[in-house]
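Enquirer: When you get a sec, could you give me coordinates for this:
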Amino acid sequence: MSARPTSPRPGSPGRAARAVHRLAGNRAVRAVGLHPVVARPGYWFATAAGVLWGAVLGGFKVSRRGGVIVCEGLPRWAFGRGGTTIGAAYLTRDNTRESVLEHEAVHRAQWKRYGLAFIPLYLAAGQNARTNRFEIEAGLEKGGYR
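Expert: Numbers count the residues shown, from 1 in each chain. Prediction:
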């Protein structure tokens, strides 16, 4: 009997990521789960939640710029890295360069296409931006990844 490792090797996908890949690989699941009738309400819900979170925590500093709804002035614990896009809402403290907003507009389009399925798909793509297909599609340089 061989011993099974208790945690995945560094860089290898975890059990949840493998399950997401299997489901995403299923044509029927993709056809239903990514159909606009299913995905779009998830995008709208994520946008509403993101704007509410960003507006309340950012003192209602909300504007439309670069194809996203920018919520500025948030505390650093309220978003990831330099900023996070949830639906069409971009949450940040002050990272609003034009190139960053272009990068985040691509993430908004990804949210619109995948709806709430974007969350597990993004996580399954991995934490390393250089190998995460969603970050690569959005443009690593524009997003500030060097």
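Enquirer: any idea how far the spatially closest residue to R113 that is not a sequence neighbour lies from A31?
Expert: Nearest in space to R113, with sequence neighbours left out and distances taken as Cβ to Cβ, 6 or more residues apart in numbering, is A39 at 6.5 Å. Placement of C-beta: from N, CA and C, glycine included. A39 sits 11 Å away from A31, taking Cβ to Cβ, to the nearest Å as the criterion.
Enquirer: What of K61?
Expert: 40 Å.
Enquirer: more crowded one of those two?
Expert: For the pair K61 and A31, the greater number of neighbours falls to K61 (14 against 10), based on other Cβ atoms under 10 Å.
Enquirer: Give me the contact list for the longest helix along the chain.
Expert: Longest among the helix segments of the chain by residue count, using DSSP state H, is helix 36-57. Taking Cβ atoms under 8 Å, 6 or more residues apart in numbering as the criterion, the residues outside helix 36-57 that touch it are 32-33, 62, 69, 71, 74-75, 78, 85-91, 111-118.
Enquirer: List buried members of those residues by neighbour count.
Expert: Restricting the contacts of helix 36-57 to buried positions leaves 33, 69, 71, 74, 78, 85-91, 111-112, 114-118, with burial counted as 16 or more other Cβ atoms under 10 Å.
Enquirer: which intervals of the protein have sub-threshold pLDDT?
Expert: Using pLDDT under 70 as the threshold, the predicted model of the chain has low-confidence ranges 1-26, 29-30.
Enquirer: what's the span of stretch 126-144 from first residue to last?
Expert: For stretch 126-144, the first and last residues are 17 Å from each other (Cα to Cα, to the nearest Å).
Enquirer: what does stretch 71-80 give?
Expert: Using Cα to Cα, first and last residues of stretch 71-80 are 14 Å apart.
Enquirer: For it, report the contacting residues that lie outside it.
Expert: Outside of stretch 71-80, the residues within contact range by Cβ under 8 Å, 6+ apart are 50-51, 53-55, 57-59, 61-63, 89-94, 96.
Enquirer: Contacts for stretch 103-113, please.
Expert: Contacts to stretch 103-113, defined as Cβ under 8 Å, 6+ apart, come from residues 34, 39-40, 43, 46-47, 66-68, 83, 85-88, 90, 118, 122, 134, 137-139, 142-144.
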